[in-house]
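1. generate coordinates for the sequence data below:
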Amino acid sequence: MPPISFKAEFAKAVQSGRKRQTIRAMRKHPIKPGDTLYFWTGCRRQGARKLGEAVCTGVMPIDLSEDEISLGACQNILHWSDDLVAWIAHLDGFESADAMRAFFEPRMPFRGQLIYW
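-> So this is what the prediction gives:
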C-alpha cells in the first residue's frame with residue numbers, strides 16, 4: 001500500500017486521470033503490479049491532500065542519462081528525440097520530452113522504476 005507524493009504541478013493531472021504513470025527511484029520495497037497506490041500532494045506538510053488511489057498495473061526499470069533512456073528488462077535504448085520518449089513524457093504529465101529531460105537533468109544519471117496504473 002505505497003503512498004506516492006506528487007509536486008503541486010502534477011496534482012491536477014493525477015486527479016483528472018491524465019497522468020497514468022510516474023517515474024520514481026527504486027524503493028527498499030519496490031512497487032509491484034497489484035499494489036494499491038495512494039496519491040498525495042503536499043505530504044508531510046500542513047494541508048496535505050489525497051489525490052486518489054489506483055491499482056498498479058505494471059512496472060519496468062528505467063534509466064535516464066543525458067543522451068538516452070534505457071527502458072525495460074531488455075534495456076531498450078531510446079534517444080530523447082524519439083517519438084516514444086515524447087509519448088512517455090506525455091503520459092507522465094510533461095508537456096514534452098524536453099520538459100521531462102529538464103526535470104530529471106539534475107538527478108542524472110537516474111535509475112528507477114516506471115510505475116503505471
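
2. name the element the residue positioned nearest the centre of the chain belongs to?
-> The residue lying closest to the centre of the chain (Cα atoms, centre = their mean) is T22, at 1.7 Å. Per DSSP states H and E, T22 falls inside strand 21-25.

3. can you list the strands that that strand pairs with?
-> strand 110-116 (antiparallel) (DSSP bridges).

4. give the contact list for the residue nearest to the centre of the chain.
-> Counting by Cβ atoms under 8 Å, 6 or more residues apart in numbering, T22 touches 4, 6, 92, 114-115. All C-beta atoms are positioned from the backbone trio N, CA, C, and that covers glycine.

5. re earlier: buried ones in the strand holding T22?
-> Neighbour-count burial for strand 21-25, counted by 16 or more other Cβ atoms under 10 Å, picks out 21-24.

6. so which elements touch the next helix or strand after that strand?
-> Using DSSP H and E, the helix or strand that follows strand 21-25 in sequence is strand 36-41. Packing partners of strand 36-41 (3 or more Cβ pairs under 8 Å, 6 or more residues apart in numbering; DSSP states H and E): strand 3-6, helix 8-16, strand 49-55.
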